[in-house]
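**Student:** The following comprises the amino acid sequence and a computationally predicted model.
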Amino acid sequence: MKRTGARALSIAAGAGLVAGFLTDQVLTWMRQPTFTPAWSLPIVLALLAIACLYFAWPVRRQLKGAKPGSVDAIRAFRTVTLARSASLVGAVSAGFGLGLLGFLLTRPVQPPVGSVTVIGVTVGVAVLLVIAALVAESFCVLPKDDDDDPHATEL
């Protein structure tokens, strides 16, 4: 399995950016107030980052030999899947928040301080989620064996 790449994260963040900007644009066209995420969103994103690291740490301990025993492949795979999806969620959330922030800051009227604050905190926590998820994913990578030779042939 390949690790999460910058390209996938960039595409997710770009899609979130467009979606966030268009959400506020459509709401403004409909004469509705702009979208402001609740304070619970950055809290949930932070809890997800903590959960990724919490579930990845035992796998890392098994891989590094601090806790002797074989690595549970199912647990490692589930942890990698959680970390990959969390990094994409963080990238989309950061992009969405930047889209909302971009819309608010390009308007001629001064945006409310409360909405800018919660959006800024959401973007910051979403970036931390991406970092934590990528670290958790790296915790589950098997080290290269000396016997691994991609050009070896069987006789």
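**Tutor:** That came in fine, so what should we check first?

**Student:** how about the helices of the protein, start to end?
**Tutor:** 6-29, 40-64, 73-105, 113-139 (DSSP state H).

**Student:** Put together a markdown table for the ones you listed, with mean neighbour count and mean pLDDT on each row.
**Tutor:** Every C-beta, even on glycine, is put in place using the N, C-alpha and C of the backbone. As requested, the helices of the chain are exported to a markdown table (neighbours: other Cβ atoms under 10 Å; pLDDT from 0 to 100):
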| stretch | mean neighbour count | mean pLDDT |
| --- | --- | --- |
| helix 6-29 | 16 | 95 |
| helix 40-64 | 17 | 93 |
| helix 73-105 | 21 | 94 |
| helix 113-139 | 19 | 94 |
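
**Student:** check contacts around residue 53.
**Tutor:** By Cβ atoms under 8 Å, 6 or more residues apart in numbering, the residues touching residue 53 are 132, 135-136.

**Student:** List of residues touching stretch 2-22?
**Tutor:** 83-84, 87-88, 91-103, 130, 133-134, 137-138, 141.

**Student:** try 6 Å
**Tutor:** 84, 87-88, 91-92, 94-96, 98-100, 102-103 (Cβ atoms under 6 Å, 6 or more residues apart in numbering).

**Student:** so, if you compare those, which one comes nearest to residue 71?
**Tutor:** residue 84 (18.0 Å; Cβ to Cβ).

**Student:** how far away is residue 19 from residue 90?
**Tutor:** 15 Å (Cβ to Cβ, to the nearest Å).

**Student:** same deal with residue 137?
**Tutor:** 12 Å.

**Student:** And residue 96, by the same measure?
**Tutor:** 11 Å.

**Student:** For the residue lying closest to residue 123 once chain neighbours are set aside, give me its contacts.
**Tutor:** In space, and not counting its chain neighbours, residue 123 is closest to residue 97: 3.9 Å by Cβ to Cβ, 6 or more residues apart in numbering. With Cβ under 6 Å, 6+ apart as the criterion, the residues that contact residue 97 are 119, 122-123.

**Student:** ok, 10 Å please
**Tutor:** Residues in contact with residue 97 (Cβ atoms under 10 Å, 6 or more residues apart in numbering) are 16-17, 20, 37, 41-42, 118-127.
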